[in-house]
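K.L.:
A structural model of the following input is requested.
(chains A and B)
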Number of protein chains: 2
Amino acid sequence: MDTKEVAKKVVELVRKQAWYEALDALYDDNIVSVEADPGAPETRGKEGVRGKIDWWVNEMEVHKFEASEPFVGHDRFVVQYDAEVSEKKSKQRRQLSEVGVYTVKNGKIVREEFLPRV
Amino acid sequence: MDTKEVAKKVVELVRKQAWYEALDALYDDNIVSVEADPGAPETRGKEGVRGKIDWWVNEMEVHKFEASEPFVGHDRFVVQYDAEVSEKKSKQRRQLSEVGVYTVKNGKIVREEFLPRV
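P.N.:
Predicted coordinates for the structure are as follows:
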């Protein structure tokens, strides 16, 4: 798959919240996943990302999860996410607005960075 | 300036279409500027980017140029641009929707990539 095809597939799967399917189909074994949070900036490897998904699925109730159409150039693509979630423990409801910046190599995602709106 | 401050300044200047001011204040001498267009992918150096701005200002009539609030994480930020322009020669009017993905080092932009919506 080229970058545009990977991007379209990410958007399709995220809109279904099919996180594990996206991981298995589209991610490189040596994926580097970066959060803006200075406390936990970087996760390496597919099993590390699987752990992030486990955390998300266990901790969050998702009321809404929207993904934009992708923006694509060369080996990079960007998707904007707008979500409304509650932490299951605290029941605290909040809005999330961020972009994912993805890098593709040989048809697989090798890097993803999540940047919140400031 | 940290990444967030650079990002805020880019948005402020782009909204005024103050391209040259942004270049002089915020860009590193060794800036690499990347377009999605496969024909002209990469421009290197501040004077190269000045040439791109000259081209833009000379060729384009800008009817609308909107910049989103920035998305920021670590050394990276993303801004979405929605514009309506006409080429001065052809008078052909068109919509542009793209993101800029910027990398900041020592308070200056060292890389920018423009990714159109697909």
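K.L.:
contacts and neighbour counts: CA atoms only from here.
P.N.:
Noted.
K.L.:
so which helix or strand takes in residue A:24?
P.N.:
Using DSSP states H and E, residue A:24 falls within helix A:19-26.
K.L.:
what's that helix in contact with?
P.N.:
In this structure, residues lying in contact with helix A:19-26 by Cα atoms under 8 Å, 6 or more residues apart in numbering or on different chains are A:6, A:9-10, A:13-14, A:46, A:49-50, A:53, A:107-109.
K.L.:
buried ones from the residues you listed, can you make that a ChimeraX selection?
P.N.:
Here is the ChimeraX command that selects the buried residues among the contacts of helix A:19-26 (16 or more other Cα atoms under 10 Å in any protein chain shown):
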select /A:6,9,10,13,14,46,49,107,108,109
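K.L.:
out of the contacts of helix A:19-26, which are close to chain B?
P.N.:
Near chain B, taking Cα under 8 Å from any Cα of the partner chain as the test, no member of the contacts of helix A:19-26 is found.
K.L.:
okay, the contacts of helix A:19-26 in CSV with secondary structure and pLDDT next?
P.N.:
Formatted as CSV, these follow (DSSP: H, G, I helix; E, B strand; the rest coil; pLDDT from 0 to 100):
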residue, secondary structure, pLDDT
A:6, helix, 98
A:9, helix, 98
A:10, helix, 98
A:13, helix, 98
A:14, helix, 98
A:46, helix, 97
A:49, helix, 97
A:50, helix, 98
A:53, helix, 97
A:107, coil, 98
A:108, strand, 98
A:109, strand, 98
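K.L.:
all set now, cheers.
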